[in-house]
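this is a predicted model, with the sequence first.
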Amino acid sequence: MPSFRLIPREERFFDLFVEEAANVLDGARQLEAMLRTFDNPDKSAKRIREVEHRGDDISKDIGRRLESTFVTPFDREEIHALISGLDDILDLIEEVADTFVLYRIESPTKSSVKQAALVVQACETLHEALSNLRGFKDIDKFVTEVHRLENEGDRISRSAIAGLFDDGAKTIEVLKWKDIYTLLEETIDHCEDVAQLIERIVVKHA
């Protein structure tokens, strides 16, 4: 006798996860574009804040669905953790953009542009992973790729921070750039955290 569910799971959550990831990716791409052109950082930072507000709306929609849905595709705590993790990435992207404006950075360094590009790649990979989450399989390659990007980000950050002291920059400039490099590194670290969460969800529910 075939098995069946008396109460079907709410599958719309999977679409919302992808929508949230796409919004995070939009923010990451806008940050990279901001650093590559840097012709109007104030305007770019404002656009990124708008993306962050849109992410808040998606998160609220998911929260409302959680309150009204009896059977979710996986544990409620995992859904909360997943959305919180994506929110954290976007919050950090917004913070990076704002920091460039608040610190009155004249132009981005090559290392910061490289880090921003890695953030985009990590967010693209998370978007792909969540697009494939519905079947709870074939996620390993995405997790492995985010881990590789995180290692590359660590290498760039360490080298960039060390270079600040080698170049004999003024103390205030060293502090500014150390903050920026650290924020960008934390952004990639959070991408890895989300990838590992997705991996745990798949292992548990496959």
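It's in.

for the rest of this, base every contact and every neighbour count on C-alpha atoms.
Fine.

mind showing which ranges of this structure have poor pLDDT?
1-11, 167-168 (pLDDT under 70).

what about 50?
1-8 (pLDDT under 50).

all the strands of it, residue numbers only.
Listed in chain order, the chain contains no strands at all (DSSP state E).

for the residue nearest the centre of it, what are its contacts?
Closest to where the C-alpha atoms of the chain average out (Cα atoms, centre = their mean) is Ile89, at 3.5 Å. With contact set as Cα atoms under 8 Å, 6 or more residues apart in numbering, Ile89 has these partners: Val24, Thr187, His190, Cys191.

mind putting those residues into TSV with distance to Ala162?
Below are the contacts of Ile89 laid out as TSV (distance: Cα to Cα, whole Å):
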residue	distance to Ala162
Val24	30
Thr187	20
His190	23
Cys191	24
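
which ones among these are found in helices?
Secondary structure assignment by DSSP state H places Val24, Thr187, His190, Cys191 of the contacts of Ile89 in helices.

any idea how far Arg65 is from Thr16?
I think there's a mix-up here, since residue 16 is Leu and not Thr. Leu16 sits 10 Å away from Arg65, going by Cα to Cα, to the nearest Å.

now Leu126
From Leu126 over to Arg65 the distance is 22 Å, taken as Cα to Cα.

compare the two (neighbour count), which wins?
Shown here are Leu126 and Arg65; by other Cα atoms under 10 Å, Leu126 has more neighbours (28 against 15).

for the more buried one, give me its contacts.
Counting by Cα under 8 Å, 6+ apart, Leu126 touches Ala21, Phe142, Val146, Cys191, Val194, Ala195.
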